[in-house]
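A.B. asks: next input, structure requested:
(2 chains)
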Amino acid sequence: MMTCKEVAERSSDYLDGRFSMWERVHFRMHLMMCKVCPKFLEQMKAAILAARNITIDPAPASVEKAALDHFRKWKP
Amino acid sequence: MVAALSLELRLMSATPLDGLPDDELVGRVKDKDEASFAVLVRRHSSKMLWVVNRIVRNKATAEELVQDTWLVVVEGLGSFENRSSFKTWLFRILTNKAITRAQREARSVPESSLRGVDDLPVSLDTRFDPNGNWLIPPSAWGVDTPEEIVSRDETLAVVSKTIGEMPSTHSMVIMLRDKEGWTSEEVCEFLNLSEANQRVILHRARAKVRDVLEKLWGKV
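C.D. replies: Predicted coordinates:
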């Protein structure tokens, strides 16, 4: 039987689908019997979803322009 | 003026080339197709800037390094042989340049932090008793589902800041894996990490994000 600590430590691997069938069975058995770990797992899902949804600033046009200018010069 | 405007418009408008994968675009660029090159530049520059900012932590230097990288790409693409994916090749050129620059200027992050040496403390380190049971269980959150949490503006602002302030390797791993959808193989190749190390780093970065969400949404 996995401990809560092991479940927490391996939650990323579980969510990324990196478990063998037996590992998955053990993990899910723990989730069925534990009141705390399912909540932790939902919170890890929220963390992953939040990371997926952050936005990053676009590069300034000057960066793209410099690259294209160089490309044109390089063309024979 | 007109030329600058037309460049601007071309950069902003989507073309059918936007749907092509990198490898196909690279093949066209080797045949001197400028439009394909423009798509690659548009596709990757903002991510390159974000990544390099984690190393040099200076906006002007970061922009200069991204520009320099594209110059190297233009001149070196002929010898690129698809042994690695284009993006890992591209990002390695970029980070090698950035590390050299950061070391020369003795500012910011040492190279060791790109190998996952820096640690990132997370609350999980102290929340279990010696038998592996919860000592401090995760608190209930005032928001119900992961989707609802993410739909709140304050969530994304806090998470964005948290990821930006992590040690550079943690920051890059979670960004490339979870936001950009890189495979673990691609991330390992780019950052020169073992598979096991990359998994630990990703897990700790996610656990850190969970910690800040708990601070934001946890019921006191």
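A.B. asks: for B:Asp18, see how far away B:Glu165 is.
C.D. replies: 32 Å (Cβ to Cβ, to the nearest Å). C-beta coordinates here come from the backbone N, C-alpha and C atoms, glycine included.
A.B. asks: report back the residue of chain B that's furthest from centre.
C.D. replies: Going by Cα atoms, centre = their mean, the residue of chain B most distant from its centre is B:Asn131, 36.7 Å out.
A.B. asks: how much space between it and chain A?
C.D. replies: Distance, B:Asn131 to chain A, using Cβ to the nearest Cβ, to the nearest Å: 7 Å.
A.B. asks: got a pLDDT number for the closest residue in space to that residue that isn't next to it in sequence?
C.D. replies: Nearest residue to B:Asn131 in three dimensions, chain neighbours excluded: A:Thr3, at 6.8 Å (Cβ to Cβ, 6 or more residues apart in numbering or on different chains). pLDDT for A:Thr3: 96.
A.B. asks: so what's the residue count around A:Thr3?
C.D. replies: 17 (other Cβ atoms under 10 Å in any protein chain shown).
A.B. asks: ok, it touching B:Pro130?
C.D. replies: No. Here A:Thr3 lies out of contact with B:Pro130, judged by Cβ atoms under 8 Å, at a distance of 10.3 Å.
A.B. asks: could you pull up phi and psi at A:Met21?
C.D. replies: phi -60, psi -40 (degrees, to the nearest 10).
A.B. asks: and the gap between it and A:Arg28?
C.D. replies: A:Met21 is 11 Å from A:Arg28, by Cβ to Cβ.
A.B. asks: list the contacts for the nearest residue to B:Glu189 once chain neighbours are set aside?
C.D. replies: Leaving aside its sequence neighbours, B:Glu189 sits nearest to B:Thr88 (Cβ to Cβ, 6+ apart; 4.9 Å). Counting by Cβ atoms under 8 Å, 6 or more residues apart in numbering or on different chains, B:Thr88 touches B:Glu186, B:Glu189, B:Phe190.
A.B. asks: please apply the same query to B:Asp125.
C.D. replies: No contacts exist for B:Asp125 under Cβ under 8 Å, 6+ apart.
A.B. asks: how far away is the residue of chain B found nearest chain A from B:Arg204?
C.D. replies: Of the residues in chain B, the one nearest chain A is B:Gly132, at a distance of 2.9 Å by Cβ to the nearest Cβ. Applying Cβ to Cβ, the value for B:Gly132 to B:Arg204 is 18 Å.
A.B. asks: and for A:Leu31?
C.D. replies: Counting by Cβ to Cβ, the gap from A:Leu31 to B:Arg204 is 22 Å.
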